[in-house]
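[1] sequence below, structure please.
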Amino acid sequence: MEFLLAALTLGFLGSFHCVGMCGPIALALPVDHSHPAKRILGTLSYNLGRILTYGAMGALFGLLGKGFVMAGYQQWLSIGLGVAILVDVLWPKSFSTSTPLLQPLYKVVAIIKQTLGGLFIKKSMESLLFIGLLNGLLPCGLVYMGVAGAIATGSPMQGALFMMAFGLGTAPAMLSATLLSGSITLQWRNNIRKAVPVVVSTMAILLILRGLSLGIPYISPEMSKTDCTKHTCCHKK
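    Numbering: from 1, shown residues only. Modelled structure (predicted):
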């Protein structure tokens, strides 16, 4: 439950960064401004698309995390992800994006952007939904943080829930960006954005504590002890 709360908080505070990065997309959405109900439904369709994509990503990366759990590396995975996130917060340029290994990703992103351009011409609920689905695939540092949390859950279901909670956290600001346009001032966004590193660092510390298995309920449960007990019972049988 604490990880879902962390996902919601990360999404909410990070959403003001999202408004800065994806704000132009949200403001340019082909929603029907002639009728308030259609405008709201169109905006909801776009955000539903984003959340569905995040959920699918969470399930996929949760499945990846499950592989580490089955191999017995869940604790080390959790600690490693937490340390990597902290390093990225303290030294943002630690992980370079200029590596040749990412070139195929850039090509995929270019195709997504091209497809998005075609969807903006159409004014329909379906196009707004697909804009949201594709927008969720665009590179974003905060989404990467959410993905790290999904991997740490070690479960496709929990990973999906984590990423969907993250998406729900971003929804209020993204809805406001479309429906209320300029009501969110730049100064307010900048002030909220300063809290993002604190939330991300908190999530990283939770991951590290979880991996350390200190026996603290909800925060750092003794996972290894539980597993050993189960194995002992099996041996006794």
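[2] give the contact list for residue 68.
    Applying Cβ atoms under 8 Å, 6 or more residues apart in numbering, we find residue 68 in contact with 74, 76, 77, 151, 154. Every residue, glycine included, has its C-beta placed from N, CA and C.
[3] return the member of the residues you listed nearest to residue 55.
    Closest approach between the contacts of residue 68 and residue 55, by Cβ to Cβ: residue 151, at 14.7 Å.
[4] which residue sits closest to the closest one, ignoring its sequence neighbours?
    In this structure, residue 151 finds its nearest non-sequential neighbour in residue 65, 4.0 Å apart by Cβ to Cβ, 6 or more residues apart in numbering.
[5] repeat for residue 47
    According to Cβ to Cβ, 6+ apart, the nearest residue to residue 47 is residue 171 (5.1 Å).
[6] got the contact list for the one you found?
    11, 15, 47, 51.
[7] surely residue 27 and residue 176 touch.
    No. Judged on Cβ atoms under 8 Å, residue 27 makes no contact with residue 176 at a distance of 11.1 Å.
[8] tell me which of these two has more neighbours.
    residue 176 (16 against 12; other Cβ atoms under 10 Å).
[9] quick one: that one from residue 170, how far?
    11 Å (Cβ to Cβ, to the nearest Å).
[10] hang on, the residue nearest to residue 151 packs against residue 153?
    Yes. Residue 65 lies in contact with residue 153 (Cβ under 8 Å); the separation is 6.0 Å.
[11] what do these two both touch?
    residue 159.
[12] and the contacts of residue 68, which of them are buried?
    Burial by neighbour count, judged by 16 or more other Cβ atoms under 10 Å, picks out 74, 77, 151, 154 from these.
[13] these two touch, right, the second one and residue 152?
    Yes. Taking Cβ under 8 Å as the contact criterion, residue 77 and residue 152 are neighbours in contact, 6.6 Å apart.
[14] which residues are in contact with both of the two?
    Shared contacts of residue 77 and residue 152, counting by Cβ under 8 Å, 6+ apart, come down to residue 65.
[15] still on that earlier bit, and the contacts of residue 68, which is closest to residue 57?
    For the contacts of residue 68, with residue 57 as the reference and Cβ to Cβ as the criterion, the closest is residue 151, at 10.5 Å.
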